[in-house]
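Student: Let's see this in three dimensions:
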Amino acid sequence: MTWPDAAEVVGAIADSYDFSRYPVVVDVGGGAAALLAEILRRSPRIRGVLAGPPEVIERASPALADAGLLDRCDLHTGDFLAGVPRGDAHLLMSVLHDRDDEDSAAILARCRDAAGLSGRVIIVERVLPDLLDGPGRTAGELDRLLALAGLLLRRIIPTGTQYCVIEAVFNG
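Tutor: Prediction:
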């Protein structure tokens, strides 16, 4: 079995979910900002925010600049356990899989608060089948985790890769 490369995975995720309906997408954790860059490339009317620790911002900003996207992306250095910038959709790719429920729920609650009543929290992670152990959570575990953060699991969208797009909304 061969694994798809990062560009294939990012493309499959962007193909699976319509990010264009959100004026501001906040990428929480961001890594190398590959997914945020793909979203911005596909949706020229939206703005992006990359939020993460200094090393994430330092690594990702040259890639965004090289792609000609830095003028549409704000860079926010900080600890997302303490808070995240406001936006319409908060994106977390591979941020929660190795964190415990307490930290994960805290991050999700910060995203919920920053997204407001009509915003979305969009998680990109592996969704494990029931009874399988490994990095990730089952759909039931995700549902319980989201409830801890005051969110409601709206849907899980397969991407044709090892990742799913998990959409959550304010549960109030």
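
Student: Any stretches of this protein with poor pLDDT?
Tutor: For the chain, the stretches with pLDDT under 70 are 1-4, 135.

Student: One more pass at 50, please.
Tutor: Scanning the chain with the threshold set as pLDDT under 50 gives 1-3.

Student: What ranges does it have for its helices?
Tutor: Applying DSSP state H to the chain gives helices spanning 6-16, 34-42, 54-66, 101-115, 139-148.

Student: Could you provide these in a markdown table, with additional columns for mean neighbour count and distance to His76?
Tutor: All C-beta atoms are positioned from the backbone trio N, CA, C, and that covers glycine. Formatted as a markdown table, these follow (neighbours: other CB atoms under 10 Å; distance: least, CB to CB, whole Å):
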| stretch | mean neighbour count | distance to His76 |
| --- | --- | --- |
| helix 6-16 | 17 | 21 |
| helix 34-42 | 21 | 12 |
| helix 54-66 | 15 | 8 |
| helix 101-115 | 20 | 11 |
| helix 139-148 | 16 | 23 |
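
Student: For Pro85, find the nearest of these.
Tutor: With CB to CB as the measure, helix 101-115 is the member of the helices of the chain nearest Pro85 (6.3 Å).

Student: Which neighbouring elements make contact with the closest one?
Tutor: strand 24-28, strand 89-93, strand 120-125, helix 139-148, strand 164-170 (3 or more CB pairs under 8 Å, 6 or more residues apart in numbering; DSSP states H and E).

Student: any residues touching that helix, and which ones?
Tutor: For helix 101-115, the external contacting residues (CB atoms under 8 Å, 6 or more residues apart in numbering) are 26, 28, 80-90, 92, 95-96, 99, 119, 121, 145-146, 148-151, 168, 170.
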